[in-house]
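K.L.:
Fold the following, please.
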Amino acid sequence: MKIECSNCEMYQSEHCEDCLVTAVLHPPAGTVEIDDDLEASLGALQQAGLIPVLRFRPRTEPPEPTGAEAEPEAI
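P.N.:
Numbering: from 1, shown residues only. Modelled structure (predicted):
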């Protein structure tokens, strides 16, 4: 799993501080990669309550304006 914090909906929110990536892995400016072996170990630690859960949620793009929303206002 590849995670880039700036692409997360929780980025720089109160939830970001309680995320596995921020609390345990201290992400660099780029991408953090969690391989399958590490993911299983982290899952066991999370279930035991020893580390925070992964709160990463991919950022969704806002919907494109349609109809009247797409029309510029007349002055």
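K.L.:
and the residue lying closest to D18 once chain neighbours are set aside, how many neighbours?
P.N.:
Distance criterion Cβ to Cβ, 6 or more residues apart in numbering; nearest residue to D18, sequence neighbours excluded, is P52 at 5.1 Å. Backbone N, C-alpha and C define where each C-beta goes, glycine included. Per other Cβ atoms under 10 Å, the neighbour tally for P52 reads 17.
K.L.:
Quick check: P52 touching V21?
P.N.:
No: P52 is not in contact with V21 according to Cβ atoms under 8 Å; the separation is 9.1 Å.
K.L.:
thinking again about what came up before, quick one: contacts for the residue nearest to D18?
P.N.:
Counting by Cβ atoms under 8 Å, 6 or more residues apart in numbering, P52 makes contact with D18, C19, L20, A23, V24, Q46.
K.L.:
In a helix, the last one, correct?
P.N.:
Yes: counting by DSSP: H, G, I helix; E, B strand; the rest coil, one finds Q46 located in a helix.
K.L.:
count of neighbours near it?
P.N.:
15.
K.L.:
ok, and the helix or strand in this structure with the lowest average confidence?
P.N.:
In the chain, the helix or strand scored least confidently by mean pLDDT, DSSP states H and E is strand 32-33, which has a mean of 86.
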